[in-house]
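S.K.: please work out how this folds:
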Amino acid sequence: MRQSLPFELSKDRSFFESLGDWMGDVLYDELPEKGFECRDEQIFMAYQIEQALKEKNVLFAEAGVGTGKTIAYLLPAVSYARYTGKPALIACADETLIDQLVKEGGDVHKLRDHLGLTIDVRLAKSRDQYLCIKRFEEADKHVEDEWIDDIAESIPDGVYAHGSMIALNPYGERSDYQAISDEQWQMVNYNSIMQCAVCDVRNRCGQTLHRAHYRKSSDLIICSQDFLMEHLATKESREREGQLPLLPEVSMIVLDEGHLLEYAAQKAMTYKVQASTIVQLLERLMVDGVRERTLYAMERLQDDHELFFDQLRDDLVPSEEDRKRINKSKKLIEFGKKLIVDVDQLLEEFVFESELYMIPEYELNMAEEFLEHYVASIRIFVEQGDAVDWLEETDGEETLVIMPRLITEVLEEKLFSKKTPIVFSSATLSVNKDFSYIAKSLGIEKYQSFSVPSPFDYEEVMKIYLHDIAQADKTAKVEELLQDDEKTLILFKSKQAMNIFKSKLSMMSRLTMAFEGDRELSAIVRDFQEGVVKTFCSYHLWEGLDLPEEALTRVIIFDLPFPPHDPLFDAKRAFAEDAFKEVELPFMLLRLQQGMGRLIRTANDYGDIHILLNEQESTMKDVFANILAVEPE
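M.R.: A predicted model of the protein is given here:
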């Protein structure tokens, strides 16, 4: 139901004039009377957002830690949503931060409690954050562990009840299963092979129920940037197929930690081909009664697919990076072209099979949808145009990833060409107040921008230590630092770097630490905040993690976070005139600022930052010295 504006409109004043008056009353008078600090930086940011809404512009809003960015964008966002009749969208850096934004005691609840402003806020999580009934049923056949039984008990009785009028509440979120590891969850969650449009239980699926719920929001929808990008990437195809887009029309978009949008776009707007998926998919279709011609076509595709991946592994350029470069041989391209012929012939055979009804309709429809996506991916790969491709591990599977064209072109077409106001909010969007790096990376030519500092006195509450140390000795240095039992976050530049560190730890040290990926991430964060875990190792939480006061008193940065030498970043380097100055250095400086920003989140915070520098990194002190909040010890 559409809610009324939090202020009165009059005939002689526009909406934006009335919005400005109301925000002034709230930020200068009402909130300070309730114990909130009156911050000039926060007020300035709120009025800059109001101007961007009025002009329907892109705004880079860089505001230091402690500015109160969330309240600064919530006030205009809720008002604009009610004025336009369409919800505002807040896209967070990742799924973990979605829950943090709406947690009890967070800024949304503060506005409710202190202003009496009831906000209709609903969460739209990425599809892989939901249980897939079909995949759960498959896993339940061969997994005998306790965790699969826990999931079974959580599924509402109505999911399997007969009748079409059974009311079901949303269920099956990743955050409902906190004791389950990422590896276990990847056996039962939605993944790209599942074709929801042809699923016979789609109307009783937790993901479908959640989607119906968040679509009805009158004020705010909160999602991850990954999900926003997935929405943009699939919107046209879903509409062609008669499906609703993943997200409804919105009045404005706030990109919280907006400097990460490029990476969310890269993740969403790529094609993926996995080594074993197609083999498993076709095996499920090999049922009694299937024509011999169809069986032969399926076996031929399976065999040629395996040959293609065998050759792909032979063509990999040796590397320690997660994304492996492919040196495409003539033989690999020939295998790829053979796969295209195989798929076309198999799809022809499926036409006949659909009339015989020997293969279950859902299985056949899912296979057809998957094969059309698969062959489109292989065609891009063998054409060797301007696509960027690599091999990586996704959900425990060898995965060929193909990015068909530059993300800047896609974003300009699907996002920035629209007249929707877009606000990038972050403590780090610029390099020394220059926004050209992020603007160029995203293909944004016209934008507004501002930068305001943090109100905190860092000299009083923070110390920074630079440790010159050989790379091989860094793990021992960390163990030495951890002997004083301070609440410590250790940040790594990659998952691989974290795993190498983990392998070198003593068994006793390893048992006292929590590592990203061991369990559901928000559960680890909560245990860390509550003191159950003293040391938290992460390669992902350089931004957005909010652990105030004694919950976090030390941050260790294990390596300078330069971008990896992988095919994706190498493509960016290739387009740059000076790769170090245009790609590597800005990336590292932004990420380093974000990592250091984890420590001081409130006026009561304090602690130390330790940056470990090997021989090469030690030569770069002058490069990052000007972004350090205090003079290093």
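
S.K.: give the buried residues for the one helix or strand Leu332 maps to.
M.R.: Assigned by DSSP states H and E, Leu332 falls within helix 330-356. Under the neighbour-count criterion of 16 or more other Cβ atoms under 10 Å, helix 330-356 has 332-333, 335-336, 338-340, 342-343, 346, 349-350, 353 buried. For the C-beta atoms, the positions are set from N, CA and C on the backbone; glycine is no exception.

S.K.: and if you look at stretch 485-500?
M.R.: 486-495, 497-498, 500.

S.K.: show me the shaky parts of the stretch 51-200 of the chain.
M.R.: Within the stretch 51-200 of the chain, the stretches with pLDDT under 70 are 96, 100, 162-166, 192-193.

S.K.: that one: helices as residue ranges?
M.R.: Assigned by DSSP state H, counting those that start in this stretch, the stretch 51-200 of the chain shows helices spanning 69-84, 95-102, 107-115, 133-142, 146-154, 182-185.

S.K.: could I get the CA-only coordinates of the next helix or strand after the helix holding Leu332 as PDB?
M.R.: Per DSSP H and E, the first helix or strand lying C-terminal to helix 330-356 is helix 361-383. The C-alpha trace of helix 361-383 is given here as PDB (Å, rounded to 0.1, in the frame of the first residue of the first chain):
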ATOM      1  CA  GLU A 361       8.700 -32.700 -19.500                       C
ATOM      2  CA  TYR A 362      10.500 -30.700 -16.800                       C
ATOM      3  CA  GLU A 363      13.800 -32.500 -17.400                       C
ATOM      4  CA  LEU A 364      13.500 -32.100 -21.200                       C
ATOM      5  CA  ASN A 365      12.600 -28.400 -21.000                       C
ATOM      6  CA  MET A 366      15.500 -27.700 -18.500                       C
ATOM      7  CA  ALA A 367      17.900 -29.500 -20.900                       C
ATOM      8  CA  GLU A 368      16.800 -27.500 -23.900                       C
ATOM      9  CA  GLU A 369      17.100 -24.200 -22.000                       C
ATOM     10  CA  PHE A 370      20.600 -25.200 -20.700                       C
ATOM     11  CA  LEU A 371      21.800 -26.300 -24.100                       C
ATOM     12  CA  GLU A 372      20.800 -23.000 -25.800                       C
ATOM     13  CA  HIS A 373      22.800 -21.100 -23.200                       C
ATOM     14  CA  TYR A 374      25.700 -23.500 -23.500                       C
ATOM     15  CA  VAL A 375      25.900 -23.300 -27.300                       C
ATOM     16  CA  ALA A 376      25.700 -19.500 -27.200                       C
ATOM     17  CA  SER A 377      28.700 -19.500 -24.800                       C
ATOM     18  CA  ILE A 378      30.800 -21.800 -27.000                       C
ATOM     19  CA  ARG A 379      30.000 -19.800 -30.100                       C
ATOM     20  CA  ILE A 380      31.400 -16.600 -28.500                       C
ATOM     21  CA  PHE A 381      34.400 -18.600 -27.300                       C
ATOM     22  CA  VAL A 382      35.400 -20.000 -30.700                       C
ATOM     23  CA  GLU A 383      34.800 -16.700 -32.600                       C
END
